[in-house]
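Enquirer: Here is a sequence together with a model predicted from it:
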Amino acid sequence: MQTPSAKTVYVCQLCGFRSQKWLGRCPGCGEWNSFLTESDRPLRRVRNSSPVLEYPTVQQEKVERITTRNVEFDRVLGGGLVPGSLVLLGGEPGIGKSTLLLQIAESLSAQGLKTLYIAGEESIQQIKLRGERLGVQGRNLFLVAETSLEAIFTEVEALQPQILIVDSIQTVSTEKLESIPGTMGQVRECAAQFLSFAKQQNIAVFLIGHITKEGSLAGPKALEHIVDVVLYFEGDRHQNQKIVRAVKNRFGPSNELGIFEMSSRGLLCVENPSGLFLSERPESAAGSVVVCAMQGSRPILAELQALVSHSAYGTGRRMGNGVDPSRIALLLAMLEKRVGLQLSGSDIYVNVVGGLALQEPAIDLAVVAAIVSSFRNQPIGFRSVVFGEVGLAGEVRAVSFAQTRLKEALAMGFDWVMLPHGNLPLSGPVEPLRIQAVSSVQDAFDALF
């Protein structure tokens, strides 16, 4: 093994842990074989002095957003694209990141906005082939295959575009660092340079980032702190439903959701997400329940399924798809302690249909209802909706946006809703919905079964 010089340091490519010697396993994140050598030479930066202002004297600037004419994408961005912003779009390989941004580039260029697409992984001929399949006209869309950061800035200064798309950030490298493209230092430095360039030139910049097998953005996690907006492209590559989720947005609400459907014409906006996720729901199936979850400012009705079966081993398995497995284990412990259900010897699987990931506590009551429904082999009403947070004492706690959830259930044709008693009284009329308010999981089971 080569002994590192004084100007060389080993850096973990996942968490950024730095070491003076090579390590097989990173002490920071526990990943194996993640250390690469990088130059430890400090970069010279030009410091721009800014005046110190008292808060009342700061003048508020009105932000003029650029609409992409894509309803779902504008929703995720918080109403449109902000000039001078740096947007990071992450997702697994082949999920459709390049396809989506090529469609956005076409929409923006059709409005007269000069758009430059930097191809770091594909040739411009490959992008043109995809564009022809999507029906891209590209009158103000320019393509260039380049991976050098300095060369990219030269092309931008010559073309003066309003929109810049970099596909992908892992392929771009700067001459200021000696490490190879895709390493921690290169990705972090290039992202910082793009942020500074976007602010100075008032150019909106999109960066495409890859997702590792662990589900995190490849390269530094610090990318999420550098950029203005972080979007995650979710969904199985073999399914038509695709989801773009905002996990950070300096110009709008975070955790907003955009629903798309992949077709031969590219990614199409889904006007009725609840109808999409409930389109193939079976009738009279034990373990199936409909929950209304808030995704950002949007209520979405989704089918939550549970399967409880006898385990051939002493300890049952607990698996969740779209639901946090640790949350499932917590709710199962509550059911055994407070309700008396003996589930320790059963395999329990919980799944959210359609590839949707639900994280909010309001799905707790639907999770326990689906598990008990499968355990007792008793179906829940087909036109019923359940939501509420469940505590460790077995109590059902109030949730936010109850009236919004009820409005969505009514619009989708449901006639019976179970919600926490703490959400009463309601702020508006809900007729002809029948409301069942409960204070504990035992009350919920008495009403459901």
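Expert: Done, it's in.

Enquirer: which secondary structure elements does the helix or strand Asp364 falls within contact?
Expert: Using DSSP states H and E, Asp364 sits within helix 364-376. Packed against helix 364-376 by the contact rule (3 or more C-beta pairs under 8 Å, 6 or more residues apart in numbering; DSSP states H and E) you find strand 288-295, strand 298-310, helix 325-334, strand 346-352, strand 384-386, strand 389-390, strand 416-420, helix 441-448. Placement of C-beta: from N, CA and C, glycine included.

Enquirer: Compute the number of surrounding residues for Leu331.
Expert: 20 (other C-beta atoms under 10 Å).

Enquirer: Next: the one 10 residues further on.
Expert: When neighbours are defined as other C-beta under 10 Å, Leu341 has 19 of them.

Enquirer: if I pick it, what's in contact with it?
Expert: Leu335, Val372, Phe375 (C-beta atoms under 8 Å, 6 or more residues apart in numbering).

Enquirer: Then Leu301?
Expert: Here Leu301 is in contact with Ser274, Phe277, Leu278, Val290, Val291, Cys292, Val385, Glu408, Ala409, Met412, Phe414 (C-beta under 8 Å, 6+ apart).

Enquirer: For the contacts of Leu341, pick the one with the most neighbours.
Expert: Compared across these, Val372 has the highest neighbour count, 25 neighbours, by other C-beta under 10 Å.

Enquirer: can I assume it is in contact with Val390?
Expert: No. In this structure Val372 lies outside contact range of Val390 using C-beta atoms under 8 Å: 11.9 Å.

Enquirer: among the helices and strands of this structure, which has the poorest mean pLDDT?
Expert: Least confident helix or strand, the chain: strand 35-39 with a mean of 77, by mean pLDDT, DSSP states H and E.

Enquirer: Which strands and helices lie in contact with the helix or strand just after that strand?
Expert: Counting by DSSP H and E, the element after strand 35-39 in chain order, helix or strand, is helix 71-77. The helices and strands touching helix 71-77, judged by 3+ C-beta pairs under 8 Å, 6+ apart, are strand 241-249, strand 257-263.

Enquirer: Just give me how far the first one sits from the chain centre.
Expert: The one in question is strand 241-249. Distance of strand 241-249 from its chain centroid, counting by C-alpha atoms, centre = their mean, to the nearest Å, is 4 Å.

Enquirer: pLDDT below threshold where in this protein?
Expert: Judged by pLDDT under 70, the chain has its weakly predicted residues at 1-7, 39-49, 212-222.

Enquirer: Kindly list the longest helix within it.
Expert: helix 184-201 (DSSP state H).

Enquirer: mind listing what's buried in that helix?
Expert: Burial within helix 184-201, assessed by neighbour count using 16 or more other C-beta atoms under 10 Å, is assigned to 184-195, 197-198, 201.

Enquirer: List the contacts of that helix.
Expert: Taking C-beta under 8 Å, 6+ apart as the rule, helix 184-201 contacts 11-13, 16, 36, 38-39, 43, 84-86, 88, 149, 153, 156, 164, 166, 169-170, 172-174, 176-177, 179-180, 203-205, 207, 219-220, 222-223, 226-228.

Enquirer: Of the residues you listed, select the buried ones using a ChimeraX command.
Expert: Provided next is the ChimeraX selection string for whichever of the contacts of helix 184-201 are buried by 16+ other C-beta under 10 Å:
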select :11,12,13,16,36,38,84,85,86,88,149,153,156,164,166,169,170,172,173,174,176,177,179,203,204,205,207,219,220,222,223,226,227,228
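
Enquirer: This protein - how does it break down into domains?
Expert: Per automatic domain parsing, the structural domains of the chain span 8-39, 66-271, 276-448.

Enquirer: Any idea which of the ones you listed gets closest to Val52?
Expert: domain 66-271 (19.1 Å; C-beta to C-beta).

Enquirer: Endpoint to endpoint, that closest one covers what distance?
Expert: One end of domain 66-271 to the other measures 21 Å (C-alpha to C-alpha, to the nearest Å).

Enquirer: do stretch 272-282 as well
Expert: Terminal-residue distance, stretch 272-282 (C-alpha to C-alpha): 19 Å.
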